[in-house]
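1. For reference, the sequence and a predicted model appear below.
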Amino acid sequence: SSDSPAGRRYVFLFCNDKLVGFDQEMAPSFSNFVTITGNFNTQYGNPLKVIALHNVVGAGEKNTLAIYWRKISDIMGVRYILQPNSEQLTTTYQVSNNCWQAPR
């Protein structure tokens, strides 16, 4: 629900005192993931990069699906993480910077 704290969590990413990225957690559901992905596809065209990862972590398996788009030098993305006891859906916005290679 929109009242859940996860729907309002933001992360600001800085590089050399400049804001270079912004993440927002959304209500985690596969339906929301598909909706956001469809909206980004409509706005930005075909994805720049798709990352699918399967890891074994302390609590069991961790599965990640992340899709990124580029508009000029900006990177937009959506990331869905499924773990044994939790799931997370995050949108991300990043610009090119000297601290890491976008997308990350």
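-> In hand now; what should we look at?
2. And the nearest residue to M76 once chain neighbours are set aside, how close does it get to I81?
-> Leaving aside its sequence neighbours, M76 sits nearest to W69 (Cβ to Cβ, 6 or more residues apart in numbering; 4.9 Å). C-beta coordinates here come from the backbone N, C-alpha and C atoms, glycine included. Going from W69 to I81 by Cβ to Cβ, to the nearest Å gives 19 Å.
3. Also V20?
-> 22 Å.
4. can you confirm T35 is in a strand?
-> No: the assignment for T35, made by DSSP: H, G, I helix; E, B strand; the rest coil, is helix rather than a strand.
5. residues near it, how many?
-> Other residues within reach of T35 by the criterion other Cβ atoms under 10 Å amount to 13.
6. residue contacts, the closest residue to A102 other than its chain neighbours?
-> Distances taken as Cβ to Cβ, 6+ apart place Q94 nearest to A102, at 4.2 Å, with adjacent residues excluded. Q94 makes contact with 13, 20-22, 74-75, 77, 102-104, according to Cβ atoms under 8 Å, 6 or more residues apart in numbering.
7. Which of those residues sits closest to F40?
-> Nearest to F40 among the contacts of Q94, counting by Cβ to Cβ, is G77 at 8.0 Å.
8. bridging residues for the closest one?
-> Beta-bridge partners for G77, by DSSP bridges, are Y68, T92.
9. Give me the neighbour count for it.
-> Neighbours of G77 under the rule other Cβ under 10 Å: 25.
10. That's all I had, so thanks and see you.
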